[in-house]
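Chemist: Here is my input; please provide its structure:
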Amino acid sequence: MLAQRPEEDCMIGPFRGPHAFLSNFHPCSFYWAGRQWPTLEHVYQAAKCEDLGDRDTIHRARTPGEAKRLGRGVVLRPNWERVKLCAMHDLLLVKFKDPVLRSKLLATGEEELVEVNDWGDTFWGVCRGEGYNYLGNLLMIVRDHYRRAAGLGA
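Modeler: Numbers count the residues shown, from 1 in each chain. Coordinates of the predicted model:
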């Protein structure tokens, strides 16, 4: 009789090392709002801004971590809480239009994608076994989208 694999062996996370491409901090060129952006994190943080000056500041951030930090201090668009999941979904679709990144995403197969973290994010990820894992779930939805688009089924 074969031993069952522990649950952790059936998932991919955290998004580091060979799976760093799944992170919003992974370098990938975005064209959004009339300019190039270096990471999905930069675009996501800018998308939540009501003030265009805040967007400019985030655009100039040297790292995705700096963009995230800056995004914590902006005035949010009035509808941001209602649209942020759709915004992330749409940004992930754009990110994985890149054929190299899309190929890597599809190569994750049926594995559960989990944004495991130790910084307490239980909305986008899972920290100490707790969390909604919205980023991981959206990545799996995007993976299924591109699998169907490639005629690979869902």
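Chemist: going forward, measure contacts and count neighbours with C-alpha atoms only.
Modeler: Noted.
Chemist: List the buried residues of the helix or strand residue 142 falls within.
Modeler: With secondary structure defined by DSSP states H and E, residue 142 is part of helix 134-149. Applying a neighbour-count criterion of 16 or more other Cα atoms under 10 Å, one finds 134-147 buried in helix 134-149.
Chemist: Residue 109: which of the residues you listed is nearest?
Modeler: Nearest to residue 109, judged by Cα to Cα, of those is residue 143 at 8.7 Å.
Chemist: Can you tell me how far the closest one is from residue 106?
Modeler: Applying Cα to Cα, to the nearest Å, one obtains 6 Å for the distance of residue 143 from residue 106.
Chemist: for the record, mean pLDDT for the helix holding residue 142?
Modeler: Over the span of helix 134-149, the pLDDT mean works out to 97.
Chemist: go on, stretch 105-122?
Modeler: On average, the pLDDT along stretch 105-122 is 95.
Chemist: Please apply the same query to stretch 83-96.
Modeler: In the prediction, stretch 83-96 has an average pLDDT of 97.
Chemist: same deal with stretch 41-50?
Modeler: 97.
Chemist: and it, C-alpha only, in PDB?
Modeler: Once non-C-alpha atoms are left out, stretch 41-50 reads as follows in PDB (Å, rounded to 0.1, in the frame of the first residue of the first chain):
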ATOM      1  CA  GLU A  41       2.500  44.800  -7.400                       C
ATOM      2  CA  HIS A  42       3.300  48.300  -8.700                       C
ATOM      3  CA  VAL A  43       0.200  48.300 -10.900                       C
ATOM      4  CA  TYR A  44      -2.100  46.900  -8.200                       C
ATOM      5  CA  GLN A  45      -1.000  49.500  -5.700                       C
ATOM      6  CA  ALA A  46      -1.400  52.300  -8.200                       C
ATOM      7  CA  ALA A  47      -4.800  51.000  -9.300                       C
ATOM      8  CA  LYS A  48      -6.300  51.600  -5.900                       C
ATOM      9  CA  CYS A  49      -5.300  55.300  -5.800                       C
ATOM     10  CA  GLU A  50      -7.800  58.000  -6.200                       C
END
